[in-house]
Every structure is written in C-alpha cells, then in structure tokens.
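A.B. asks: Just a sequence and a predicted model for now, questions to come.
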Amino acid sequence: MRELAGKTAFVTGGAGGIGLALGRAFAEAGMQVMLADIERDALAGAVTSLHNIGPQVRGVVCDVADPGSVDAAARETIEAFGKVHVVCNNAGVAAAGGIDNISLDNWRWVLDVNLMGVLHGIRAFLPHIRAHGEGGHIVNTASMAGMSGGLGFSPYTAAKFAVVGMSEGLSQQLKPHGIGVSVLCPYFVRTGIGESGRNRPQRYGETEMPDPASPAGQMLALITASIAAGLDPADVAGRVLAAIRADELYVFTHPDMRGQVDARFAAIQAAMDAVKKG
C-alpha cells in the first residue's frame, strides 16, 4: 500500500506509546484513524491530541482480550469510515515470568492480550478487507522477545514468538489477495508497558510483583530501566509506515540486536548439522 492518504487505519493500544505514535503518523499521512484502547480517559486525551493533525481521528473503547469487544470496535469503525485498510494489532501487556513462581493468571492474561488479541483483530477485520477488494495491510506488534529467548521463561516471550509465527503464515496466505502483513519486532521503547498492570481485569487476579532480590525482580528492574532509556515511539511508527508502503514482512528497530538473532540461528543450524552428521 504505497498510497495511504484517504484510507482508514485501526490501531489497538492507541491511547499511548507505540499505538498513539502510529495514530499520529497515520493522521499525518492523511489517513482516517480509529484509536482503540481499554483506558477510556487516556483514549479521549489521545484522540483530542491528534485533532490538530487530522480531524478524522476517533476513539473506541476496546478490550482486545474479549472477541466480542473487538467485533464491536470493528463494526463502529466501519460505520464511521466505511472501509478499513490498515489494522494494527498493537495492544500489549507484560507480567512477571521466570521459574520461581509460575503464575497461571499471569500467563492467561498476557497470552489473552498479546496473542489472542492479535487473533481477534485479524478475525474481526480480515473478512471486511478481503470483501472491499481495495487491498490493505495488517501490522502485528511482536517484539525482539519473539526472535530471541533473552527474557527467559515468560508469557511475554511465548506470546511474541507466537505472533511472529502467526504473521509469517498469514503473510503467505494473504499475498495473493493483495493484502500485506508486517510483524513489528522492536526492542526497548519508551512506553507504559511496565505499568500495564493498571489495566489488568479482575478476572486475571491481582498483579503479582516479584521479590526485588529474586532473579525475576532483578530482571524487572533491568527491564524498567531499559524502557525508560528506550527508543522514541515516533521512530518506531516511522519504520512501520515505511514497511507498509514497501510491503515488508519484518520490521526491526534495533539493528544492534542482530547478534542475539544470529546466535539463535547458529545454534539451530549447528543442531541441524549434528543430525546430518549422525
């Protein structure tokens, strides 16, 4: 999709961070934008902040872990703008992982938002995009955690690996239909994901904080500091727009992370070679 002006974009997690930066970039490109987020007040502020850029920016409250909520957001977006062309399944949360305290509530919450939320967005919008026949693009937000297991045993890593695989398979099947797919794999970005427990629904139990002295607690402190020093979300949004226009599958933002990816693939290739020699 080289020409974005006049088209419509739907962005989850749109009240802040990467989602809001995407909404701003789309509005600046002349698109109609629907921001979706679970935080009503923050969403209203985000929409207001973009009205000076493009008047065709609206917001819809949406819990991506609830397929009915995503379906309703899709209907409202289509009713507002007629056709949707770009869907960014961007909403994400994080919770403690590790091997010391394996919390089923943490795993269910993170997988429901970070993995099933992506699926719900695809399911809600893909039939519409195929039906209008004007082409489109789906952007799924994964992470470098979906390319390397550096964060250890965690629901976040598991979900992001799954989003990468989902996006690769989806890209193959949608290419003949003129619909592109990108999977966004940033490293640390200045977002509020470290405080995502503020939006944790009661059905997933209380947010559990690890002991600061434990390995999980030390990892959390390192991640918190890294987020604070991370990349500006606007830089990430710029890469995404370029990827949509160029129909790129993989969207990376931190080239210095290549070493971790190379190490992983080297280990995989070595294991393959060992089988061949055996």
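C.D. replies: Happy to help now that I have it.
A.B. asks: Now do the contacts for A158.
C.D. replies: For A158, the contact set (CB atoms under 8 Å, 6 or more residues apart in numbering) comprises 107, 111, 115. (Each C-beta comes from the backbone N, C-alpha and C, glycine too.)
A.B. asks: try 10 Å
C.D. replies: Residues near A158 by CB atoms under 10 Å, 6 or more residues apart in numbering: 97, 107, 110-111, 114-115, 145-146, 149, 151.
A.B. asks: Buried ones among those?
C.D. replies: 97, 107, 110-111, 114-115, 145-146, 151 (16 or more other CB atoms under 10 Å).
A.B. asks: Tell me the one of those nearest S182?
C.D. replies: G146 (13.1 Å; CB to CB).
A.B. asks: wait, doesn't that closest one sit right on Y187?
C.D. replies: No: using CB atoms under 10 Å as the test, G146 is too far from Y187 to be in contact (11.2 Å).
A.B. asks: and the gap between P67 and R40?
C.D. replies: Using CB to CB, to the nearest Å, P67 is found at 20 Å from R40.
A.B. asks: for F26, same thing?
C.D. replies: For F26, the distance to R40 - CB to CB - is 21 Å.
A.B. asks: The two: which is more packed in?
C.D. replies: F26 (30 against 11; other CB atoms under 10 Å).
A.B. asks: Next secondary structure element downstream of the helix or strand where the more buried one lies?
C.D. replies: In this structure, F26 sits in helix 17-28 according to DSSP states H and E. Downstream of helix 17-28, the first helix or strand assigned by DSSP H and E is strand 32-37.
A.B. asks: which of the residues in the helix or strand following that next one are buried?
C.D. replies: Where DSSP H and E defines the elements, the next helix or strand beyond strand 32-37 is helix 40-50. With burial defined by 16+ other CB under 10 Å, the residues of helix 40-50 counted as buried are 42-43, 46-47, 50.
A.B. asks: Show residues contacting helix 40-50.
C.D. replies: Contacts for helix 40-50 (CB under 10 Å, 6+ apart): 11, 14-16, 19-20, 23-24, 26-28, 33-37, 39, 56-62, 192, 198-199.
A.B. asks: just for this protein, where's the confidence low?
C.D. replies: 278 (pLDDT under 70).
A.B. asks: All the strands of it, in order from the start?
C.D. replies: For the chain, the strands defined by DSSP state E occupy 8-12, 32-37, 57-61, 86-89, 136-141, 179-185, 250-252.
A.B. asks: could you redo those strands as CSV and give each row distance to A242 and mean neighbour count?
C.D. replies: Formatted as CSV, the strands of the chain follow (distance: least, CB to CB, whole Å; neighbours: other CB atoms under 10 Å):
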stretch, distance to A242, mean neighbour count
strand 8-12, 15, 28
strand 32-37, 18, 29
strand 57-61, 21, 21
strand 86-89, 13, 29
strand 136-141, 12, 26
strand 179-185, 10, 25
strand 250-252, 8, 18
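A.B. asks: JSON lines for those strands, including distance to A229?
C.D. replies: Listed next are the strands of the chain as JSON lines, based on distance: least, CB to CB, whole Å:
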{"stretch": "strand 8-12", "distance to A229": "25"}
{"stretch": "strand 32-37", "distance to A229": "25"}
{"stretch": "strand 57-61", "distance to A229": "30"}
{"stretch": "strand 86-89", "distance to A229": "25"}
{"stretch": "strand 136-141", "distance to A229": "20"}
{"stretch": "strand 179-185", "distance to A229": "19"}
{"stretch": "strand 250-252", "distance to A229": "19"}
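A.B. asks: Tell me which of those strands sits nearest to E76.
C.D. replies: Using CB to CB, these put strand 57-61 closest to E76, at 5.1 Å.
A.B. asks: ok so, going back, quick one: which of the buried ones among the contacts of A158 is nearest G217?
C.D. replies: For those, the residue nearest G217 by CB to CB is G97; the value is 11.8 Å.
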